[in-house]
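*Asks:* fold the following and give me the result.
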Amino acid sequence: MATLVTLGLSKILGKKGEPTKLDFVETDYKVFGLTYEDTCKMSQEDPETTEFYAEEEDDPVETIEKQGKITFTFSIMNPDLDTLKRLFGGEVASDVWSYPDVVNSVEESVIIIPRKGLKFQVPRMKLTSKINGEFSKKGLLLIEVTGTVMKPATTGLKKMAVGKVATTI
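*Replies:* The predicted structure is shown next:
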């Protein structure tokens, strides 16, 4: 059996609204842009455990656990005006993007496809973005995006699916 490792990044796709099922179909999904090297990361916080103690016992008599939050982070290195509107809100008119007056809450269904290994589909992800620009010969304007996996609104839909990237031989 071949060893399965997940590495690299092929693309990050998103679209408004939840899919009806987690099947990795890319129809209506759109790339955010080029992902700056070494910025796409996935992390999960440690679970939170609450322990309940009785006066008569030194050890907990009951515990409950809550899963740790899952987040994906990445930076877009070539944002266009439509991407700025998509991630921050605001308006685009006459080739000018106007920054919004209030915080814009963005939720999209997201598919993350590496070059090989395991791919991820999240039906509901809350995206928080910020601008990080370095105007120099060695710097870029980046849009730093943090995506938090949320519970889907669609009944029966799981919060994340993991599949295998298709291999070409």
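
*Asks:* what ranges do the helices span in this structure?
*Replies:* For the chain, helices defined by DSSP state H occupy the ranges 81-88.

*Asks:* which residue lies nearest the spatial centre of it?
*Replies:* Centroid check for the chain by CA atoms, centre = their mean gives residue 147 as the closest residue, at 3.6 Å.

*Asks:* any idea how far it is from residue 99?
*Replies:* Remark: distance between residue 147 and residue 99 (CB to CB, to the nearest Å) = 21 Å. For glycine as for every other residue, the C-beta is placed from the backbone atoms N, C-alpha and C.

*Asks:* the residue nearest to the centre of the chain contacts residue 110, correct?
*Replies:* Yes: assessed by CB atoms under 8 Å, residue 147 is found in contact with residue 110 at 6.1 Å.

*Asks:* quick one: residues contacting the residue nearest to the centre of the chain.
*Replies:* Shown in contact with residue 147 (CB atoms under 8 Å, 6 or more residues apart in numbering): 71-74, 110, 122, 125-128.

*Asks:* quick one: average confidence on the biggest strand by length in the chain?
*Replies:* Secondary structure of the chain per DSSP state E: the longest strand is strand 118-133. Strand 118-133 shows a mean pLDDT of 96 in the predicted model.

*Asks:* how many residues are close by residue 31?
*Replies:* For residue 31, the neighbour count with other CB atoms under 10 Å is 13.

*Asks:* same question for residue 40.
*Replies:* Neighbourhood size, residue 40 [other CB under 10 Å]: 17.

*Asks:* in the sheet, who's paired with the residue lying closest to it once chain neighbours are set aside?
*Replies:* Taking CB to CB, 6 or more residues apart in numbering, and ignoring the residues beside it in sequence, residue 40 has residue 74 as its nearest neighbour in space, at 4.2 Å. Note on residue 74: beta-bridge partners by DSSP bridges are residue 145.

*Asks:* surely residue 74 and residue 38 touch.
*Replies:* No: the criterion here is CB under 8 Å, and residue 74 misses it with residue 38 at 10.1 Å.

*Asks:* who has more neighbours out of these two?
*Replies:* For residue 74 versus residue 38, the count of surrounding residues by other CB under 10 Å is larger for residue 74: 22 against 8.

*Asks:* can you name the residues bridging to the nearest residue to residue 16 once chain neighbours are set aside?
*Replies:* Nearest-residue entry for residue 16: residue 108, 6.0 Å, with adjacent residues in sequence omitted and distances by CB to CB, 6+ apart. Bridge pairing for residue 108 (DSSP bridges) gives the partners residue 125.
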